[in-house]
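1. turn this into a model:
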Amino acid sequence: MSSSTADPLAPLGALPGVPEAVDSVRRSVDRIYGHRVMRRRSSEVSAEAALRGARASAALEGADWALEELRRRTDFGAEGEPRAVGAALRLTAEAGQLLDVWRQSPMRVLARLHLVAAGGNGTDEAVGRPRLAGETVTATGSEPAGTAAASGPGSGTVPERQAPDADEVAARLDALARIVVDGTEAPALVLAAVVHGELATLRPFVSYNGVVARAAERIVLVGGGLDPKSICPAEVGHAEAGRDAYERALDGYASGTPEGLAAWLVHCGKALELGARETTAVCEALQRGAA
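-> Next comes the predicted model:
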């Protein structure tokens, strides 16, 4: 990502396949917002979308729990999978409270997201700040980076791509923050995908980078007006496409090539469309129940 132009994201919106992805997402989101259930029960829809988004984000960290298990469990501070689920749930609840701060100080928001995700786990010195030189990245605060990857969604490992060093992380986070504060003419989908891609590939924190990246994507989609009521969980689409496809798309983003960037942006558009489809099913179920 370059900061050499007034609006470095503007060219991304014109990459092959991206304008079509933006238009398709807009139509999908508009359809679900026009559903008759949204006129009467939008708060219920938002709550269910949030739960499903958190479940999907945790699944991408290796904790692929059924919705029913999330509804009945309370031990989200325990080691292993419960901790990953707890982090995703806490971030989903927190993200909606940070919209105004995000526009003014995205680094404050990212620090807060990491603090909430960690939930008191990890060393105090490392929580809520970008990692320092020599610090090790873990997946969810309990699994070491570079673990051998299992196939399919829910493998629970961080990508094997090399994490950038602390100096590069600091420089790119600063560039990302300037874009958020200064604003961009790029569509909300493009900005959300770039925020997600930067955080997921930089891995700026010692832990919980995946869930933080997806929570930040959610903040941009809501704050950018594409999904103002947060009813289209892109996390569901990322998980439904599968962990392997998610990582391949992130590899494309990390490559920095026009082809790789376009593939990631289109992937994020499809994820949001799948999230809208999930919420359409929720609306249909609520409608049948009310009949």
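2. tally up the residues packed near Ala78, please.
-> 11 (other CB atoms under 10 Å). To be clear about C-beta, it is placed using only N, CA and C from the backbone, and glycine gets the same treatment.
3. distance check, it against Ala188.
-> Distance from Ala78 to Ala188, counting by CB to CB, to the nearest Å: 36 Å.
4. now Ser207
-> 28 Å.
5. between these two, who's got more neighbours?
-> Using other CB under 10 Å as the criterion, Ser207 and Ala188 rank with Ser207 on top: 30 against 20.
6. and the more buried one, helix, strand or coil?
-> At Ser207 the chain is in coil, as set by DSSP: H, G, I helix; E, B strand; the rest coil.
7. isn't it right up against Thr138?
-> Yes: here Ser207 reaches Thr138: they are 4.7 Å apart, a contact under CB atoms under 8 Å.
8. give me the element Tyr253 is part of.
-> Take DSSP states H and E as the rule and Tyr253 turns out to sit in helix 243-255.
9. Ala111 now?
-> With DSSP H and E as criterion, Ala111 is part of helix 106-118.
10. got a list of contacts for whichever helix or strand comes after that helix?
-> The helix or strand immediately downstream of helix 106-118 is helix 166-182, counting by DSSP H and E. With CB atoms under 8 Å, 6 or more residues apart in numbering as the test, helix 166-182 has contacts from 1, 3, 8-9, 102-107, 110, 130-133, 135, 164, 191, 194-195, 198, 202-204.
11. buried ones among the residues you listed?
-> The neighbour count (16 or more other CB atoms under 10 Å) marks 8-9, 102, 105-107, 110, 130-131, 164, 191, 194-195, 198, 202-204 as buried among the contacts of helix 166-182.
12. count the residues that sit near Thr74.
-> Thr74: 7 surrounding residues under other CB under 10 Å.
13. now do it, the pLDDT please.
-> With respect to pLDDT, Thr74 scores 83.
14. what does Val180 give?
-> In this model, Val180 carries a pLDDT of 96.
15. burial of it, as a residue count?
-> Residues within reach of Val180, counting by other CB under 10 Å, total 22.
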